[in-house]
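In: generate a structure from the sequence data that follows.
(chains A, B, C and D)
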Number of protein chains: 2
Amino acid sequence: MPKRPVSNPLALAVLSCVWERPMYPYEITTTLRERGKQDSIRLNFGSLYAVIRSLESHGLIRAARTEREGNRPERIVYEITPAGMTEALDWMRDLLARPVKEYPDFEAGLSLLPMLSPQVARKCLEERLERLDAEIRARTELEETSALGLPELFLIESSYRVAMQTAERAFVAELLDRIERRTFGGLDLWEGLHEALAAGTPRNEIAAQLAARLGEEGGSTLA
Amino acid sequence: MPKRPVSNPLALAVLSCVWERPMYPYEITTTLRERGKQDSIRLNFGSLYAVIRSLESHGLIRAARTEREGNRPERIVYEITPAGMTEALDWMRDLLARPVKEYPDFEAGLSLLPMLSPQVARKCLEERLERLDAEIRARTELEETSALGLPELFLIESSYRVAMQTAERAFVAELLDRIERRTFGGLDLWEGLHEALAAGTPRNEIAAQLAARLGEEGGSTLA
DNA sequence: CTTCAAATACTTCACTCAGAGTATTCTCCA
DNA sequence: TGGAGAATACTCTGAGTGAAGTATTTGAAG
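Out: Have a look, this model is predicted:
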């Protein structure tokens, strides 16, 4: 996969702005913020100016003119180039058409779940459930009162976020339920592990027991 | 929120390894890979060595001893410190209990959806649907044949991934359906926009029309 | 009329990170 | 026995990234 010349999604947002009309960097920031893009695309000054430099050096945008207002720093107004338009369209198609592997924090946490005792894990998951509920509620209320009044087309990323949060909520709820009803595969082993740990059983003994219960492959799989 | 001394989740994975027993860096890599953690936690050498240096400088791990085998580079074997254990547990609780805002690529793409014409967008979303199906199918087949034979406890992060992919699939399918049946809010506007663009209507005129149809707030909201 | 916060418009810096590159040693097959 | 390739064990580099800092101007309150 031949990587993009500038890989930060913020660059695409910048391209989308200067496609509409030439803008200077700070104007791009405020435009993106007004439109709520900072909820979907990481936006901060450090990255913005780096990205603009990089876009320019790759010929995707170019300085159109400079302005000055009072004693403020000079503004450089950028415009999109034909190469920039091609790149932006191609990038958009890519983002929509190809799922890419991401690394959400929660997945990392789940993958190391055995580190925590079942009791502590349950407490944490219950807390997560509450927080997710609160977020979903806040978001849907906002959409219902429709303080924004925009057509769906301009709010679709927000619907996506809610859909994903709702799915995560369901996943966590089911997981908790399965632990409670003791139908979660490996629960005995998990509890045994932490009982041994609490009892001060030596690490290598625990690892050996675990390996035995897991079957053949030599490696201990504590976490 | 007082940030962690080392923020890369890879650091937590490293802590989980040296908690089990002292290890040297390369051994940590292979252990994590064996256990499939690289599917949930970004793992590469550049980060690994940086993270280990950082963990050491923050007193969360320390060099226990050095080894040498033949003419190979010397290995430094690291062990976890009490501070490291505290940090690891605290971090785990955090990961499980608190949802954090993430910035998936697809959300970025959706937030700039109006850039693409409805026809192109549909094509892309259809492609995504197919790819998602393929991924979900591959993953569930793998789980059914149970080539791994591990209890759920050690595969929970994979179930999570499937749950999220399935939810995304449903979202995309519904979106496509709504576009097809023309019940997607703003579809007329979206089509009109791209017809005007294709007809070569000047950018500022388009922006003005758009602003008019969107109501009061002055900013054009092309993308 | 003054002062103080907020907005404007960036710049700087220390850090992190991903990918590619390097160098040695082991293993296996012919 | 000789050479290809895999495995071992890192090092380097350049490109982000986020947080904080700088300097001016406008607006509102007192």
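In: ok, and the closest non-adjacent residue to residue A:95?
Out: residue B:109 (3.1 Å; CB to CB, 6 or more residues apart in numbering or on different chains). Any C-beta I mention is one placed from the backbone N, CA and C, and that applies to glycine too.
In: please report how far residue A:171 lies from chain B.
Out: In this view, residue A:171 and chain B are 5 Å apart by CB to the nearest CB, to the nearest Å.
In: excluding its backbone neighbours, what's nearest residue A:116?
Out: On the basis of CB to CB, 6+ apart, the spatially nearest residue to residue A:116 that is not a chain neighbour turns out to be residue B:92, at 5.3 Å.
In: what strand or helix carries residue A:77?
Out: For residue A:77, the host element (DSSP states H and E) is strand A:75-80.
In: longest helix anywhere in chain A?
Out: Longest helix in chain A by number of residues (criterion: DSSP state H): helix A:118-145.
In: following the chain onward from that helix, which element is next?
Out: Proceeding N to C from helix A:118-145, the next assigned helix or strand is helix A:156-180, under DSSP H and E.
In: what's in contact with that following helix?
Out: Helix A:156-180 is contacted from outside by A:39-40, A:106, A:118, A:121-122, A:125-126, A:128-129, A:132-133, A:135-136, A:139-140, A:143, A:152, A:184, A:187, B:99, B:106-108, B:110-111, B:113, B:156, B:159-160, B:163-164, B:166-168, B:170-171, B:175, using CB atoms under 8 Å, 6 or more residues apart in numbering or on different chains.
In: now do it: distance to the chain's middle.
Out: 15 Å (CA atoms, centre = their mean, to the nearest Å).
In: could you list the contact residues of chain A toward DNA strand C?
Out: Taking CB under 7 Å from any atom of the strand as the criterion, chain A approaches DNA strand C at residues A:24-27, A:30, A:45-46, A:49, A:69, A:72-76.
In: check contacts around residue A:118.
Out: For residue A:118, the set of contacting residues under the criterion of CB under 8 Å, 6+ apart consists of A:179, A:187, A:190-191, A:194.
In: neighbours of residue A:94, how many?
Out: The burial count assigned to residue A:94 is 16, neighbours taken as other CB atoms under 10 Å in any protein chain shown.
In: same question, residue A:119
Out: As a burial measure, the neighbour count of residue A:119 was computed by other CB under 10 Å and equals 11.
In: quickly note the distance from it to residue B:12.
Out: Per CB to CB, to the nearest Å, residue A:119 is found 20 Å from residue B:12.
In: and for residue A:187?
Out: Residue A:187 is 23 Å from residue B:12, by CB to CB.
In: between the two, who's got more neighbours?
Out: Neighbours of residue A:187 and residue B:12, each counted by other CB under 10 Å, are more numerous for residue B:12; the result is 28 against 17.
In: what about that one, which helix or strand?
Out: Per DSSP H and E: residue B:12 is located in helix B:9-20.
In: ok, that helix near DNA strand D or not?
Out: No: taking CB under 7 Å from any atom of the strand as the criterion, helix B:9-20 and DNA strand D are apart, separated by no less than 13.0 Å.
In: that helix: what's the following helix or strand?
Out: Sequence-wise, the next helix or strand beyond helix B:9-20 is helix B:25-34, with elements assigned using DSSP H and E.
In: tell me the helices and strands packed up against that following helix.
Out: With contacts defined as 3 or more CB pairs under 8 Å, 6 or more residues apart in numbering or on different chains; DSSP states H and E, the secondary structure elements packing on helix B:25-34 are helix B:9-20, helix B:45-57, strand B:75-80.
In: pull out the buried residues from it.
Out: Within helix B:25-34, the residues that count as buried by 16 or more other CB atoms under 10 Å in any protein chain shown are B:25, B:27-29, B:31-32.
In: just stretch A:75-83 next, same as before
Out: Counting neighbours by 16+ other CB under 10 Å, the buried set in stretch A:75-83 is A:75, A:77-78, A:80-81.
In: next: stretch A:110-119.
Out: By neighbour count with 16+ other CB under 10 Å, stretch A:110-119 contains the buried residues A:110-118.
In: among the residues you listed, which ones are in helices?
Out: Secondary structure assignment by DSSP H places A:110-111, A:118 of the buried residues of stretch A:110-119 in helices.
In: tell me if the lowest-mean-pLDDT helix or strand in chain A is near chain B.
Out: Sorted by mean pLDDT, DSSP states H and E, the helices and strands of chain A end with helix A:203-214, the least confident at a mean of 83. Yes: looking at helix A:203-214 against chain B by CB under 8 Å from any CB of the partner chain, the contacts come from A:203-204, A:207, A:214.
In: could you flag which of these are buried?
Out: A:207, A:214.
In: now, which of the residues of helix A:203-214 next to chain B sits nearest residue A:18?
Out: residue A:214 (56.2 Å; CB to CB).
In: I'd like the distance between that closest one and residue A:207.
Out: The spacing between residue A:214 and residue A:207, counted by CB to CB, is 10 Å.
In: swap in residue A:66?
Out: Taking CB to CB as the measure, residue A:66 falls 66 Å from residue A:207.
In: for residue A:165, same thing?
Out: Counting by CB to CB - residue A:165 and residue A:207 are separated by 37 Å.
In: one more: residue A:24?
Out: 60 Å.
In: same question, residue A:186
Out: Distance, residue A:186 to residue A:207, using CB to CB: 16 Å.
In: check residue A:19 too.
Out: For residue A:19, the distance to residue A:207 (CB to CB) stands at 58 Å.
In: dihedrals phi and psi, the closest residue to residue A:127 other than its chain neighbours?
Out: Taking CB to CB, 6+ apart as the measure, residue A:127 lies nearest to residue B:97, with 4.1 Å between them; neighbours along the chain are not counted. Listed backbone geometry of residue B:97 is phi -90, psi -30, with angles given as degrees, to the nearest 10.
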